[in-house]
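**Q** next come a sequence and a model predicted from it.
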Amino acid sequence: MTASRRLDALREVGVEFVAGVPCSYLKVFFAGCAELPTGAYLPAVREDHAIAACAGAWLGGRRTLAAMQNSGLGYCLEVLTSLHLMYRIPLPMLVSDRGAPTDYEEHRILGQRTRQLLDLFGIPWREARAGGLEGEARWLLETSERERGPAVLLVTKEADA
Amino acid sequence: MTRAEAVALTVSLLADDDIVVAADGAISREAYRARDRARTFYMLGSMGQVASIALGLAMTRPERVIALDGDGNLLMGFGGLALVGALKPANLRHLVLDNGCYATTGGQPAISRQVDLASAALGAGYTWGRRCLAGSDARAAMESWLAAPGPALLDLEVDASDSDPAPRVPMTPEEMAARARAALTRD
């Protein structure tokens, strides 16, 4: 058990390796990551490195998860398209859902296009709801493995757990 | 020494169970031509991520992981160097085939003659980092590098010329990934 019920639910359905860059909307989740044993969590310096390391861990036989702010999807695009999508490497992703009209300016332009961006590249996504931890974890792992590519669970501050 | 000769020399020094991540572009094609191995992952794109992919492998596998990188490639994803230095996987060996330019795109100069990549690796936390200048004994440098405690980085200067280009790897990306994963998880 960790400080994060969402992380516990994801580990329950098979996640063995997590890499990510923190987001304030995912504070609880990242507090849980800090408690993972050595080798099970990579605190990456940028989101593209996090997902590239997940690809390496998948080649090594692990079930992986990448976690990040939605602004990090911009950095990830080249790696998603020429690594995970092209080689068909499963990648469950936990992505914060920033950019509402009430959010700060720096989050709005990309944040309000997050769903369009994912749709453009055919990446399946779903919105997390408070209380939906187990079903969402299962959906995320099963979808990325069935599609053999990235799948995204979008998480608001309220759904962080 | 040409880059292709340096890649072939590295491949000849590998142990059977070594895992290799070969950088996108000429380095992957030259590694394939030197000796195709199921335990080599051939990158085609995602430039800048050689060290990060190798790090994910080194964190999850007990075998030695060899990152065959380029100077422009490493500089593009320089944060990956910091990650390896901070996480310190003892089973990771990082080789930079340093031709000082972007050979694949026409030989435009890279900044790697101004940036000391071996010192940068040591500064990031690698336990071993050296530069091997053109004309020095590359084989001896490689043997020291492979014997050193990891993470270890060797910045190996190679010729900028591309006189004998290797053909593309005749596998689909899907086959490349599936084959490498199957070879690594067989037992």
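**A** Here it is on my side, so go on. Residues are numbered from 1 along each chain as shown, chains lettered A, B, ... in the order given.

**Q** please count neighbours and contacts with C-alpha atoms only from this point.
**A** Will do.

**Q** okay, buried residues for the helix or strand containing A:Leu141 please.
**A** Assessed by DSSP states H and E, A:Leu141 sits inside helix A:133-147. Neighbour counts using 16 or more other CA atoms under 10 Å in any protein chain shown place A:133, A:136-137, A:139-145, A:147 of helix A:133-147 among the buried residues.

**Q** tell me which residues are up against stretch B:58-73.
**A** The contact list for stretch B:58-73 (CA atoms under 8 Å, 6 or more residues apart in numbering or on different chains) reads A:39, A:57, A:60-62, B:17-23, B:27, B:47-51, B:54, B:57, B:89, B:91-102, B:110-112.

**Q** got the end-to-end distance for that stretch?
**A** End-to-end distance for stretch B:58-73: 19 Å, by CA to CA, to the nearest Å.

**Q** tell me who's in contact with the nearest residue to A:Gly14 once chain neighbours are set aside.
**A** The shortest distance from A:Gly14 to any non-neighbouring residue, by CA to CA, 6 or more residues apart in numbering or on different chains, is to A:Arg63 (6.4 Å). The contact partners of A:Arg63, taken as CA under 8 Å, 6+ apart, are A:14-17, A:57.

**Q** quick one on the thing from earlier: what packs against the helix holding A:Leu141?
**A** helix A:5-12, strand A:91-96, strand A:150-155 (3 or more CA pairs under 8 Å, 6 or more residues apart in numbering or on different chains; DSSP states H and E).

**Q** in the contacts of A:Arg63, which residue is surrounded by the most others?
**A** A:Ala57 (30 neighbours; other CA atoms under 10 Å in any protein chain shown).

**Q** just checking, next helix/strand downstream of the lowest-mean-pLDDT helix or strand in chain A?
**A** Least confident helix or strand of chain A, by mean pLDDT, DSSP states H and E, is helix A:105-111 with a mean of 94. Sequence-wise, the next helix or strand downstream of helix A:105-111 (DSSP H and E) is helix A:114-120.

**Q** count of neighbours near the nearest residue to A:Arg115 once chain neighbours are set aside?
**A** In this structure, A:Arg115 finds its nearest non-sequential neighbour in A:Trp125, 7.7 Å apart by CA to CA, 6+ apart. Using other CA under 10 Å, A:Trp125 has 21 neighbouring residues.
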